[in-house]
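K.L.:
test case, fold it:
(one chain, ligands or ions: 1)
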Amino acid sequence: MEQKPVTDFRNEKVIEIHGLNKSFGNFHVLKGVDLDLYRGENLVVLGKSGTGKSVLIKIIIGLLRPDRGDVKVLNKVVDEISYKELLELRLKVGFSFQNSALYDSMTVRQNLEFPLVRNRKNLSRADINKAVESTLDAVGLLHAINQMPSELSGGQRKRIGIARTLILQPEIMLYDEPTAGLDPITCIEINKLINEVQERFHTSSIVITHDLTCAKAVGNRVAMLLDGQFQRQGTFEDVFNTNDDRVKPFYEYNFIQ
Ligand SMILES: Nc1ncnc2c1ncn2[C@@H]1O[C@H](COP(=O)(O)OP(=O)(O)OP(=O)(O)O)[C@@H](O)[C@H]1O
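P.N.:
As a prediction, the model looks like this:
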């Protein structure tokens, strides 16, 4: 199985999280989370269902407010900026949804045009066409430009979802379960695409996944959320080289069963 080469990215932080706490009623989900994302790296976030991965992402993009702690994204404290600044920041942080979130009544071209027309009002028709075509080409689906989402496979829909996020040229990509529900061959293709996006668009990414093959193939670093904190961080080997009973079943389910 392909393993991402070890590269040291630790010179510039694009996301800095310190002492982050979040509760819902009596349920303390995040209990002092510390996490950094460095410019250019792919960071994989692992954790059992319900451990707070989505809550963390929502706090990063300002959809939820933390109870305590600091979250800085591209040098802005998310909780302190104005709504206008938050909207500007969100344009630099692309979120690739688990279900691809395509508009089913629009063609692939219209799906990609939509965020551009809404957020880049000064672009000419020719600029828009060029951006749509080059982004589709980057995800290997230029030929699908006039198709409807319903005519595409799950893997192709994932690619279009990623293209629709990329078209705004985000500095940070957040991938939510990019390989969920896909067959193993398509998973490998999506892993490859995530790596190509990193190289070609120089994005810094957080990849949330339960798929350890994906984690190994795309993660320069892996962080595992356990009991409300990132208790294990490092290379894939660092994280799984343990007898911790909270970690072992994860590995065994993916690779042994
Ligand atoms: N707005 C909310 N109100 C109340 N509880 C919430 C809210 N959002 C999340 N939770 C709770 O916080 C916990 C963590 O949820 P979260 O969606 O972050 O889990 P997750 O790690 O992303 O899980 P999965 O891998 O299944 O997607 C869950 O128990 C969930 O019910």
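K.L.:
isn't residue 224 up against residue 230?
P.N.:
Yes - if you go by Cβ atoms under 8 Å, residue 224 and residue 230 touch, sitting 6.7 Å apart. Yep, even glycine has a C-beta here, placed from its N, CA and C like the rest.
K.L.:
of those two, which one has the most company?
P.N.:
Taking other Cβ atoms under 10 Å, residue 224 and residue 230 do not tie; residue 224 has more neighbours (24 against 20).
K.L.:
host element of the more buried one?
P.N.:
If you go by DSSP states H and E, residue 224 is part of strand 221-226.
K.L.:
show me which residues of the stretch 51-200 of the chain are close to the ligand?
P.N.:
Residues of the stretch 51-200 of the chain lying close to the ligand (Cβ under 6 Å from any ligand atom) are 51, 52, 53, 54, 55.
K.L.:
let's go with 8 Å and repeat that
P.N.:
Proximity of the stretch 51-200 of the chain to the ligand (Cβ under 8 Å from any ligand atom) is limited to residues 51, 52, 53, 54, 55, 56, 57, 58, 64, 176, 177.
K.L.:
show me the helices in the stretch 51-200 of the chain, by range?
P.N.:
Per DSSP state H, counting those that start in this stretch, the stretch 51-200 of the chain carries helices over the ranges 53-60, 83-91, 108-119, 125-138, 154-166, 184-201.
K.L.:
for residue 42, find the nearest of these.
P.N.:
Among the helices of the stretch 51-200 of the chain, helix 184-201 comes nearest to residue 42, with 5.6 Å by Cβ to Cβ.
K.L.:
what angle sits between the helix or strand that comes right after that closest one and strand 221-226?
P.N.:
With elements assigned by DSSP H and E, the helix or strand that comes after helix 184-201 is strand 204-208. With axes from the mean of the first three to the mean of the last three Cα atoms, to 10 degrees applied, the angle from strand 204-208 to strand 221-226 works out at 40 degrees.
K.L.:
avg pLDDT for strand 204-208?
P.N.:
The pLDDT scores in strand 204-208 average 96.
K.L.:
tell me the strands beside that strand, with direction?
P.N.:
In the sheet, strand 204-208 lines up against strand 42-46 (parallel), strand 172-176 (parallel) (DSSP bridges).
K.L.:
residue 5: neighbouring residues, count only.
P.N.:
If you count neighbours by other Cβ under 10 Å, residue 5 ends up with 6.
K.L.:
do you know how far it is from the ligand?
P.N.:
28 Å (Cβ to the nearest ligand atom, to the nearest Å).
K.L.:
then that residue would be within a helix, right?
P.N.:
No - Residue 5 sits outside any helix when classified using DSSP: H, G, I helix; E, B strand; the rest coil, being coil.
K.L.:
that one and residue 218: what is the separation?
P.N.:
Residue 5 sits 12 Å away from residue 218, going by Cβ to Cβ, to the nearest Å.
K.L.:
list the buried ones in the strand holding residue 224?
P.N.:
Of the residues in strand 221-226, 221, 222, 223, 224, 225, 226 count as buried by neighbour count, 16 or more other Cβ atoms under 10 Å.
K.L.:
before we move on, what about stretch 93-100?
P.N.:
Residues of stretch 93-100 classed as buried: 93, 94, 95, 96, 97, 98, 100 (neighbour count, 16+ other Cβ under 10 Å).
K.L.:
can you list contacts of it?
P.N.:
Contact with stretch 93-100 is made by 57, 60-61, 73-74, 149, 157-158, 160-162, 165-166, 168, 170-178, 180, 203, as judged by Cβ atoms under 8 Å, 6 or more residues apart in numbering.
K.L.:
which of the buried residues of strand 221-226 are close to the ligand?
P.N.:
residue 225.
K.L.:
where's the dip in pLDDT among the buried residues of strand 221-226?
P.N.:
Lowest pLDDT of the buried residues of strand 221-226: residue 226, 91.
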